[in-house]
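Participant: can you look at this prediction? I've put the sequence above it.
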Amino acid sequence: MITIKQVETKNQSKAFVRVPWLIYKNDSRWIPPLLMDRLDTIDPDKNPFFEHGEAALFLAEKRGQIVGRISAHINHRHNEFHKDNTGFFGFFECIDDDAVSTDLFKVAEEWLRDKGCDKMIGPECFSSNEELGVLVEGYDEPIQIMCPYNPAYYGRLMEAYGLEKEKDLLGWIYTVGDIPEAPLEIAKAVSKYEGLVVRPMNVKNIQSEIMTVSEIFNACWSKNWGFVPWSESEVQHAAKMLKLILIPELTAIAEVNGKPAGMMIALPNIMEIIKDLDGKLFPFGLMKLIYRLKMGGHRFKTARLTHLGVMPRYRSSILGGLSVLLYVETHKRAKKLGIEGGELGWTLEDNQKINQGIEFMGGRRGKTYRIYGKNL
């Protein structure tokens, strides 16, 4: 018999974030997330999502054993921006059992319908700016920071319930080798634009820098599928995270006469340094993490490019090639750091311009993260 329980206590919250240890116990590729980070994510007092969103968390039990989990949540900023009544599911983990997954999807659907939603989309971890989608292609590629990794049967479970493909997100594999001649020529021409300065982010002034990033993000991504503008609290929350892991050389801010023109942000793939921690920061995990991140205890081999954007007002000029310059500059810096490659994206499957640009720079499609949806 399958029982679904809503998370209401601290012990249930701990059980909720612990579910992946059951699902992936025999998967040697899986990298355990940091438990403290996962607990903070679902804590209304610590995650700024809850200032404009609401959520319910559910656990599935079978014969007294926890066998799955799911969230149902509403992002009111999303619905206000897109003028719809969409609800979301996320944090989905489940054994390979159609009956269990059906009950999990059903309880999420019922919760969202009771809240007045007319569509359910997911999986996403509370926001399109966090982990998004279910991995359906590219299982052999390295696991990247803030990117889903899951058993291959998850897509089948979702489709068996009646969820249909909503959108595919592409993860591009990139090798830091020699830059093709054509991008180098474009970058050289763009760099001569009068008043243009390209610089790395200043970690010591991260609060100001993240406001610049937010301005560029909200201007460049506003017409993209699933876009949700960052709130001020989310910006500050992101600043704290970035200060811990950011490597300035893997970032680039472009300014024209002191005003934001574009940005590129790549994050070191901290999945390289947390596997042996088994999700625990205490008693010794935190010291290991600080040593590896801040004291030269680890030299990263991979990174993930998460953001690349050029302000709309510059796209019709020679600065339309600014994205190529940002690619080239960051590529050169990454190579000096010993970065061997990584992942670019995600990008939308139908964003032909950016996808062609990545191919132009030598990227290859490696992963597909799928978003599913269902009308309620």
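Facilitator: Here it is on my side, so go on.
Participant: going forward, measure contacts between C-alpha atoms and count neighbours the same way
Facilitator: Fine.
Participant: so which bits of the helix or strand where T212 lies are buried?
Facilitator: Under the criterion of DSSP states H and E, T212 resides in helix 206-220. Neighbour-count burial for helix 206-220 flags I206, Q207, E209, I210, T212, V213, S214, E215, I216, F217, A219, C220 (criterion: 16 or more other CA atoms under 10 Å).
Participant: same question for stretch 16-25.
Facilitator: Quick answer for stretch 16-25 (16+ other CA under 10 Å): F16, V17, R18, V19, P20, W21, I23, Y24.
Participant: same thing with stretch 257-272?
Facilitator: In stretch 257-272, counting by 16+ other CA under 10 Å, buried: 260-272.
Participant: narrow these to those in helices?
Facilitator: The helices, defined by DSSP state H, take in M271, E272 from the buried residues of stretch 257-272.
Participant: nearest to I2 among the buried residues of stretch 257-272?
Facilitator: Ranked by distance to I2 (CA to CA), the buried residues of stretch 257-272 are led by M271 at 33.9 Å.
Participant: for the closest one, which residues are in contact?
Facilitator: Residues counted as contacts of M271 (CA atoms under 8 Å, 6 or more residues apart in numbering) are I31, I143, Q144, I145.
Participant: can you add pLDDT and give those back as TSV?
Facilitator: Converted to TSV, the contacts of M271 look like this (pLDDT from 0 to 100):
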residue	pLDDT
I31	96
I143	94
Q144	95
I145	93
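Participant: next, format those as a markdown table and append neighbour count and distance to E249.
Facilitator: A markdown table is the format used below for the contacts of M271 (neighbours: other CA atoms under 10 Å; distance: CA to CA, whole Å):
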| residue | neighbour count | distance to E249 |
| --- | --- | --- |
| I31 | 22 | 26 |
| I143 | 20 | 22 |
| Q144 | 21 | 19 |
| I145 | 19 | 18 |
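Participant: what's the closest of those residues to E130?
Facilitator: Of all the contacts of M271, I145 has the smallest distance to E130: 10.4 Å, by CA to CA.
Participant: isn't that closest one up against L305?
Facilitator: No. At 10.0 Å, I145 does not count as touching L305 under the criterion of CA atoms under 8 Å.
Participant: quick check: the residue nearest to Q6 when sequence neighbours are not counted vs D114, distance?
Facilitator: The shortest distance from Q6 to any non-neighbouring residue, by CA to CA, 6 or more residues apart in numbering, is to F58 (4.4 Å). Distance, F58 to D114, using CA to CA, to the nearest Å: 16 Å.
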